[in-house]
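Enquirer: pasting the sequence and the predicted model now:
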Amino acid sequence: MRTALTIAGSDSSGGAGIQADLKVFAELGVYGLSVVTAVTAQNSQGVRKINKVPPRVVAAQIDAVVRDIGADACKIGMLFSEQNVSIAAERIERRDIPNVVLDPVIFAKDGSRLLLARAVERMRRDLIPCCLMVAPNLAEAEELAKLPVKDIESAKHAAIKISSLGARYVLIKGGHFDADPIDLLFDGERFAEFAGARIEGKSLHGTGCILTAAIAARLAHGDEARQAVAFAKGFVASAIEKSVKLGKGKLWYYAGGGR
Ligand code: PXL
């Protein structure tokens, strides 16, 4: 059976992070391995507390599963600290982990920082060069490219700059464009555009996690990057449609059923 590894934070409310990734992997028929980088206490109303997992424990989790079972693809989400960024980069290189998709999780929907400011520089320098694909949203693209991103033109500039940091593909998630939500995939030479309809009324928690986990699952099955992105876009649209309203806040939750 194909395997996919998630290196990400735990979300106590179960809709994002490790919990979302494992649901997606199961649904897409890959065996899910998981390395926890931080433990968040959160619910539909916001992030209450973040506890980081010590870097040596992150490294030990990666070593344990990759040496023994091996990963056909890997998705990286919340890392929180600069030490965790470095450990992830170092182990990906040392263990030769293939098909790495980085969701550079910087902010939660309530604005909480899920990656410390000083860790962003290290992500640019050490981690992005180890990745097959980096998939920032507009705010994350601004931080990684150090450029304002407001529209498709500026998103393309940011993609080119992030690509020059060393990732083979850059996927800019345009869900927050004022106009239509368009995702842009840059392969170092050309852009492919993935249009999607905005699904009104449901703010799905963990959308970026679900998208990148689905991309990693499809890469584990052997898809090319472009095919994997096209599939994952449809998967997220269906996950939004089937999402459920839980808790007293404004968020909707992924309950499986992306297909
Ligand atoms: O959706 C971003 C995200 C990723 N990972 C974890 C999170 C969140 C958002 O809250 O908690 C663990």
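Expert: Looks like it arrived, so ask away.
Enquirer: show me what from the stretch 101-250 of the chain comes close to the ligand.
Expert: Neighbours of the ligand within the stretch 101-250 of the chain, by Cβ under 6 Å from any ligand atom: 105, 108, 114, 206, 208-209. (Glycine included, C-beta is placed from N, CA and C.)
Enquirer: which one in these is the model shakiest on?
Expert: Among these, A108 carries the weakest pLDDT, at 87.
Enquirer: show me the residues of the stretch 101-250 of the chain next to the ligand that map onto helices.
Expert: 208-209 (DSSP state H).
Enquirer: any idea which residue of the stretch 151-259 of the chain lies closest to the ligand?
Expert: Closest contact between the stretch 151-259 of the chain and the ligand, by Cβ to the nearest ligand atom, is at G206 (4.7 Å).
Enquirer: burial measure for that residue, as a count.
Expert: Neighbourhood size, G206 [other Cβ atoms under 10 Å]: 29.
Enquirer: in contact with the closest residue to it other than its chain neighbours, which residues?
Expert: In space, and not counting its chain neighbours, G206 is closest to A16: 3.0 Å by Cβ to Cβ, 6 or more residues apart in numbering. By Cβ atoms under 8 Å, 6 or more residues apart in numbering, A16 lies in contact with 77, 205-206, 209.
Enquirer: at 7 Å what do you get?
Expert: By Cβ atoms under 7 Å, 6 or more residues apart in numbering, A16 lies in contact with 205-206, 209.
Enquirer: please apply the same query to I106.
Expert: If a contact means Cβ under 7 Å, 6+ apart, then I106 has 113-115, 120, 139-140, 143 as its contacts.
Enquirer: need phi/psi at it.
Expert: Note on I106: its backbone torsions stand at phi -110, psi -40 [degrees, to the nearest 10].
Enquirer: one more: the one 10 residues further on?
Expert: With angles defined as degrees, to the nearest 10, L116 shows backbone torsions of phi -60, psi 150.
Enquirer: give me the distance between the closest residue to it other than its chain neighbours and the ligand.
Expert: In space, and not counting its chain neighbours, L116 is closest to S81: 6.0 Å by Cβ to Cβ, 6+ apart. To the ligand, S81 is 14 Å away according to Cβ to the nearest ligand atom, to the nearest Å.
Enquirer: same question for L28.
Expert: In terms of Cβ to the nearest ligand atom, L28 sits 19 Å off from the ligand.
Enquirer: what about Q42, which SS state?
Expert: Under DSSP: H, G, I helix; E, B strand; the rest coil, the three-state class of Q42 is strand.
Enquirer: that older thread, per-residue pLDDT of the residue nearest to G206, please?
Expert: Looking at A16, its pLDDT reads 97.
Enquirer: show me what the nearest residue to S112 once chain neighbours are set aside is bridged to.
Expert: Counting by Cβ to Cβ, 6+ apart, S112 lies nearest to V47, which is 4.1 Å off, once chain neighbours are set aside. Going by DSSP bridges, V47 is paired in beta bridges with Q42.
Enquirer: contacting residues for V47?
Expert: By Cβ under 7 Å, 6+ apart, the contact list for V47 reads 40, 108, 110, 112.
Enquirer: V39 now?
Expert: 10, 51, 53.
Enquirer: the same query, at a cut-off of 8 Å, please.
Expert: So V39 contacts 9-10, 12, 50-51, 53 (Cβ under 8 Å, 6+ apart).
Enquirer: for G14, same thing?
Expert: Contacts for G14 (Cβ under 8 Å, 6+ apart) come out as 20, 253.
Enquirer: follow-up on the earlier one: what's the closest of the contacts of V47 to the ligand?
Expert: A108 (3.6 Å).
Enquirer: what about V244, how many residues nearby?
Expert: The burial count for V244: 13, using other Cβ under 10 Å.
Enquirer: same deal with H157?
Expert: For H157, the count of nearby residues is 14 (other Cβ under 10 Å).
Enquirer: state the phi and psi torsions of it.
Expert: H157 adopts backbone torsions of phi -60, psi -40, taken as degrees, to the nearest 10.
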